[in-house]
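*Asks:* fold the following and give me the result.
(one chain, ligands or ions: 1)
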Amino acid sequence: FSPHTFHIHHLSTSASRSTAKGLRPTSVLSASRSTAKGLRRAAWTAGRTPAPPPPLPTINLAAGTSSATIYPFGACVTSYVRDGFDYLFVRPDAKLDGSKPISGGLPFCWPAFGPPSDQNAAVGELQQHGFARNLEWEVESSGGSSAVLTLAPNEYTRGMWDKEFKLTYTVTLTEEKLSTSLSVANTGPDAWSHQGALHSYFRVGDIDATTVRGSFEGKDVLDKVKGERGVEGRAELAIAGETDAPPVAAMVIPR
Ligand SMILES: O=P(O)(O)OC[C@H]1O[C@@H](O)[C@H](O)[C@@H](O)[C@@H]1O
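*Replies:* Presented below is the predicted three-dimensional model:
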């Protein structure tokens with residue numbers, strides 16, 4: 001068994017009530033890209049309301065022989081074990097101390113997915129992936145096989161994004177299935193646009209035997225490894241090397 005991982009972005013936008021979905025696999029980052037990412041992340045986390053001191057608290061769910069682990073930090077499900085197999089993957093270099101978002105499991109990108117852009121009605125200059133992954137969520141209820149977590153604005157979010165909202169994330173485990181549901185409420189008087197993406201890390205047993213099917217064909221993609229835009233010609237993706245090519249439409253809600 002050799003563990004590999006790929007991300008799958010389940011992405012939706014709500015700018016014009018349209019939705020966009022994108023699937024994007026990736027593997028190991030090159031050193032220079034990783035360094036650049038680290039610097040951007042450090043700038044982003046400076047000034048954030050601190051996470052609780054490590055070790056971060058976790059919520060453990062159980063249903064029969066299945067189990068799941070959730071970090072209220074980022075409302076991130078980091079483990080889902082069924083029949084002895086953990087379907088989720090946490091990157092070996094992931095930080096689990098609140099110093100940066102958790103790179104693993106089912107992290108949330110909200111209220112933005114793509115990088116800062118003056119073309120983007122939803123996010124403007126907001127940091128790529130938004131701020132929901134950077135914050136400790138409230139645990140509204142937890143026990144046995146389900147948990148409900150919420151996130152509301154604070155000084156940190158208002159400093160970047162002056163919108164009023166309430167996010168409610170419900171995680172439910174049964175012996176056969178893990179279900180997650182995110183509800184986004186606008187609690188203020190003004191309309192706003194946003195994007196939400198589950199930046200999922202799945203564990204796979206054999207990357208050479210893995211393909212990802214989705215509505216990729218004909219989509220403009222930004223190939224971040226090659227540093228160029230292109231059009232995806234395939235409907236089913238095999239992973240032959242480092243892959244980081246999100247669909248362009250998923251990254252920006254046009255103004
Ligand atoms: O924030 P994380 O979980 O470390 O994920 C980072 C990845 O996020 C993706 O959205 C980007 O396309 C990648 O370039 C980047 O490496």
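*Asks:* burial check on whatever residue of the stretch 101-250 of the chain ends up closest to the ligand, number of neighbours?
*Replies:* Closest contact between the stretch 101-250 of the chain and the ligand, by Cβ to the nearest ligand atom, is at residue 103 (3.5 Å). Glycine gets a C-beta too; all of them are placed from N, C-alpha and C. Residue 103: 22 surrounding residues under other Cβ atoms under 10 Å.
*Asks:* and what of residue 223?
*Replies:* Using other Cβ under 10 Å, residue 223 is surrounded by 14 other residues.
*Asks:* these two touch, right, the residue of the stretch 101-250 of the chain closest to the ligand and residue 90?
*Replies:* Yes - in terms of Cβ atoms under 8 Å, residue 103 counts as a neighbour of residue 90; the distance is 7.3 Å.
*Asks:* mind listing the shared neighbours of those two?
*Replies:* Residues touching both residue 103 and residue 90 (Cβ atoms under 8 Å, 6 or more residues apart in numbering): residue 201.
*Asks:* quick one on the thing from earlier: tell me the phi and psi of the residue of the stretch 101-250 of the chain closest to the ligand?
*Replies:* With angles defined as degrees, to the nearest 10, residue 103 sits at phi -90, psi 80.
*Asks:* tell me, what's the model's pLDDT at it?
*Replies:* Residue 103 carries a pLDDT value of 96.
*Asks:* what's the answer for residue 33, then?
*Replies:* 63.
*Asks:* repeat that for residue 70.
*Replies:* We have a pLDDT of 98 for residue 70.
*Asks:* ok, and the closest non-adjacent residue to it?
*Replies:* Leaving out its chain neighbours, the residue that sits closest to residue 70 by Cβ to Cβ, 6 or more residues apart in numbering is residue 59, at 4.4 Å.
*Asks:* ok, the one you found touching residue 137?
*Replies:* No - applying Cβ under 8 Å, one finds residue 59 not in contact with residue 137, separated by 10.4 Å.
*Asks:* neighbour count: these two, which is higher?
*Replies:* Shown here are residue 59 and residue 137; by other Cβ under 10 Å, residue 137 has more neighbours (22 against 18).
*Asks:* got the contact list for that one?
*Replies:* So residue 137 contacts 72-75, 149-151, 167, 169 (Cβ under 8 Å, 6+ apart).
*Asks:* list phi and psi for the residue nearest to residue 70.
*Replies:* Per-residue torsions, residue 59: phi -110, psi 130 (degrees, to the nearest 10).
*Asks:* ranges for the strands of the stretch 51-200 of the chain?
*Replies:* Counting by DSSP state E, counting those that start in this stretch, the stretch 51-200 of the chain has strands at residues 59-63, 66-71, 76-82, 85-86, 108-109, 138-143, 146-151, 165-173, 178-186, 195-204.
*Asks:* list the helices and strands the first one packs on?
*Replies:* Right, strand 59-63. Strand 59-63 sits against strand 66-71, strand 138-143, strand 146-151, strand 165-173, with contacts defined as 3 or more Cβ pairs under 8 Å, 6 or more residues apart in numbering; DSSP states H and E.
*Asks:* please identify the most buried of the ones you listed.
*Replies:* strand 66-71 (a mean of 22; mean count of other Cβ atoms under 10 Å).
*Asks:* tilt between that strand and strand 76-82?
*Replies:* With axes from the mean of the first three to the mean of the last three Cα atoms, to 10 degrees as the basis, strand 66-71 and strand 76-82 are set at 170 degrees to each other.
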